[in-house]
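Engineer: output the structure for:
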Amino acid sequence: MPSKFIMAPLALAALLCASDAALAQEQAVKIGVTGPLSGANAFAGKDNENGVRLAVEELNAQKIKVAGKTLRFELQSEDDAGDPKQGVTVAQKLVDGGIKFVLGPYNSGVAIPASRVYNDAGALMSTVGTNPKITQSGYKGVFRIVASDSQVGGAMANYAARELKLKNVGVIDDRTAFGTGIATEFKRQAQAAGMKVAGHEFTNDKASDFAAILTALRAKKVDAIFFGGYAPQAAPMVRQMKALGLNVPLLGGDTLCSPEMAKLGGAAVGENVRCAQAGAIIAKQPAGPAFLAKYKERFKREPDVYAPSFYDQTMFIAAAMKAANSLDPAAVGQQLRSSSHQGVVGSYGYDDKGNLKKTAVTVYTFKNGALAPLASY
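Structural biologist: Predicted coordinates for the structure are as follows:
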């Protein structure tokens, strides 16, 4: 009997030693996510987070080794509410917590000031913010993982001129860094394509009544309106256009290419809405259908606009860690710039400023409440 009780603690000690040895062979890697988890664009922030979460879960199952240790990825998601001030606070919190790899922000207006915090801390920031200013700072740790406003706005301007053959357009922007940036690019390239911009009106990203500015554009007999802003404003805008008898297309960027647009706009959202989104048509990419199925199985919903891009960039960062055999952000960043990665939504490769060297832009409309691709550029 005595030996039985003596062996138990010895066996436990051996088990603990084995467990400690296993932990010693693991290396925790924290991945930060920042985006709007509250407010009107919370649907997008959660979608982005889901894309990173799916990648992290798959990477942990793969048991990637760097410098002889198996990486264990840990996700820390923070709500920046789409607000520049809160975004800077969140950025400081993440870097103070030792996080060196951040996915986000979603909003250009948050990404621009937050990028300095990440740069000063030596962290990498991978954003879907499209304002060109984001990558004009010279920060080596900043990566834009989708097309910029100049690319998306230009694609929509080309589509409007060539396919819709528009002559007289109106422009509205919500005065955010994103809205102003993409509206400015559309306006510039629309004029270069021979279109007249009859009026440029302004609103904000909290507005819900657009009657006055829509009436002003109706008086100018515009044959389309381009809106630089987000789905929570675009959906009521298109409903009010119909109510005012302004039966012309509503054009926009990637933020209108969201299931939320159809959800909020209802029957008013159909083929009258045209939006341009960075990336190829995911369902037609080799790995696209498998990703869509995995996402739906894991989160019980379809992905929104940027979940695939956040998934791809997380996978690219992990591949860069392995190739560099290092977790040093500078080494990983250099690897990101000197290599390429085939993701589920396209190919990733960055120039010296952190912009994608090449990216497709796809124009979509809505049919029966779902996105339907029209053309890729």
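Engineer: let me see the ranges of the strands in the stretch 201-350 of the chain.
Structural biologist: 224-228, 250-252, 273-278, 341-342, 347-348 (DSSP state E, counting those that start in this stretch).
Engineer: sheet partners, orientation included, of the last one?
Structural biologist: Spelled out, that is strand 347-348. Applying DSSP bridges to the sheet, strand 347-348 is found paired with strand 341-342 (antiparallel).
Engineer: okay, now the domains of the protein?
Structural biologist: 11-147+284-345, 150-278+362-376 (automatic domain parsing).
Engineer: dump the ones you listed to JSON lines, plus mean neighbour count, mean pLDDT and distance to Leu356.
Structural biologist: C-beta: built from backbone N, CA, C; applies to glycine. Output for these, formatted as JSON lines (neighbours: other C-beta atoms under 10 Å; pLDDT from 0 to 100; distance: least, C-beta to C-beta, whole Å):
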{"stretch": "domain 11-147+284-345", "mean neighbour count": "20", "mean pLDDT": "94", "distance to Leu356": "7"}
{"stretch": "domain 150-278+362-376", "mean neighbour count": "20", "mean pLDDT": "95", "distance to Leu356": "8"}
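Engineer: adding distance to Asp352, write the ones you listed out as TSV.
Structural biologist: What follows is the domains of the chain, written out as TSV (distance: least, C-beta to C-beta, whole Å):
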stretch	distance to Asp352
domain 11-147+284-345	7
domain 150-278+362-376	17
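Engineer: could I get the full set of helices for the chain?
Structural biologist: Counting by DSSP state H, the segments of the chain that form helices are 2-24, 42-62, 84-96, 108-120, 149-162, 177-192, 211-219, 231-243, 259-265, 288-299, 307-324, 329-338.
Engineer: what's the separation between Gly228 and Ala235?
Structural biologist: 15 Å (C-beta to C-beta, to the nearest Å).
Engineer: what's the answer for Thr314, then?
Structural biologist: Thr314 is 30 Å from Ala235, by C-beta to C-beta.
Engineer: and if you look at Ala121?
Structural biologist: For Ala121 relative to Ala235 (C-beta to C-beta), the value is 38 Å.
Engineer: repeat for Lys69
Structural biologist: Between Lys69 and Ala235 the computed distance is 48 Å (C-beta to C-beta).
Engineer: can you redo the helices of the chain as a markdown table with distance to Lys133?
Structural biologist: Output for those, formatted as a markdown table (distance: least, C-beta to C-beta, whole Å):
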| stretch | distance to Lys133 |
| --- | --- |
| helix 2-24 | 44 |
| helix 42-62 | 21 |
| helix 84-96 | 13 |
| helix 108-120 | 6 |
| helix 149-162 | 9 |
| helix 177-192 | 7 |
| helix 211-219 | 26 |
| helix 231-243 | 22 |
| helix 259-265 | 26 |
| helix 288-299 | 31 |
| helix 307-324 | 20 |
| helix 329-338 | 20 |
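Engineer: so which of those helices comes closest to Phe73?
Structural biologist: helix 42-62 (4.5 Å; C-beta to C-beta).
Engineer: packing partners for the closest one?
Structural biologist: Applying 3 or more C-beta pairs under 8 Å, 6 or more residues apart in numbering; DSSP states H and E, one finds that helix 42-62 contacts strand 26-35, strand 69-79, helix 288-299, helix 307-324.
Engineer: between it and helix 288-299, how big is the angle?
Structural biologist: 100 degrees (axes from the mean of the first three to the mean of the last three C-alpha atoms, to 10 degrees).
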